[in-house]
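J.: quick one: sequence plus predicted model below, questions after.
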Amino acid sequence: MPYGTPPPMPETMPQPSGALAASAALRVECSREGFARARSFTRETLHFWSLDHRCDDTTLVITELAANAATHAAPATAGTTGAPAAPEIRLGFLLDPTHLLVTVSDPDDHPPVYAPTGSALAEHGRGLGIVDALSEEWGWTPCPPAGKTVWARLSTCPPI
């Protein structure tokens with residue numbers, strides 16, 4: 001694969017590698033308060049699941065995915081008939097014995113754009129690069145009739 005070419009993104013979410021141990025979900029508005037709730041919910045959920053060692057990476061992944069949804073998806077759906085003033089996104093966590101699957105669902109149909117060739121000093125555009133670096137795998141899945149879910153799979157194993 002040539003340098004700068006984004007990796008192929010799977011369009012189906014990975015299935016749990018074993019018995020599902022736990023799940024959690026939260027709906028938040030695309031606002032400063034909503035994102036603060038998302039970060040707190042992530043930290044509290046991982047602490048409850050004894051995954052404190054994955055808290056920083058997971059919180060960063062959720063923050064980047066939520067920021068992408070707010071920046072790219074929420075403006076595309078704002079002002080449409082019946083849409084709330086501050087669009088909502090849905091966060092999800094699925095835990096199995098070896099992995100944590102985190103998801104962010106939004107109302108826009110457009111796929112995420114991963115462009116790893118941007119400047120390291122650029123103010124925007126590094127979010128999916130961060131997600132790619134911190135997760136074992138990530139991708140997106142369409143959610144008919146409208147919207148998509150962007151997901152990332154992280155190991156639950158403690159660092160060596």
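T.: Good, I have the coordinates.
J.: residues contacting the residue positioned nearest the centre of the chain?
T.: Centroid-nearest residue in the chain: L65, 3.8 Å away (criterion: CA atoms, centre = their mean). For L65, the contact set (CB atoms under 8 Å, 6 or more residues apart in numbering) comprises 102, 104, 127, 131, 150, 152. C-beta here means a position set from N, CA and C on the backbone, and glycine is covered the same way.
J.: recalculate using a threshold of 6 Å.
T.: 104, 150 (CB atoms under 6 Å, 6 or more residues apart in numbering).
J.: flag every buried residue along the strand or helix carrying it.
T.: Assigned by DSSP states H and E, L65 belongs to helix 55-68. Buried residues in helix 55-68, defined by neighbour count with 16 or more other CB atoms under 10 Å: 57-68.
J.: only alpha carbons, please: show that helix as CSV.
T.: Output of helix 55-68 as CSV, limited to C-alpha atoms (Å, rounded to 0.1, in the frame of the first residue of the first chain):
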residue,chain,number,x,y,z
CYS,A,55,-9.4,4.5,30.4
ASP,A,56,-7.1,7.2,28.9
ASP,A,57,-6.9,5.6,25.5
THR,A,58,-10.6,4.8,25.4
THR,A,59,-11.6,8.3,26.5
LEU,A,60,-9.5,9.8,23.8
VAL,A,61,-11.0,7.5,21.2
ILE,A,62,-14.5,8.4,22.3
THR,A,63,-13.7,12.1,22.3
GLU,A,64,-12.2,12.0,18.8
LEU,A,65,-15.2,10.0,17.4
ALA,A,66,-17.7,12.3,19.1
ALA,A,67,-15.9,15.4,17.9
ASN,A,68,-15.9,14.1,14.3
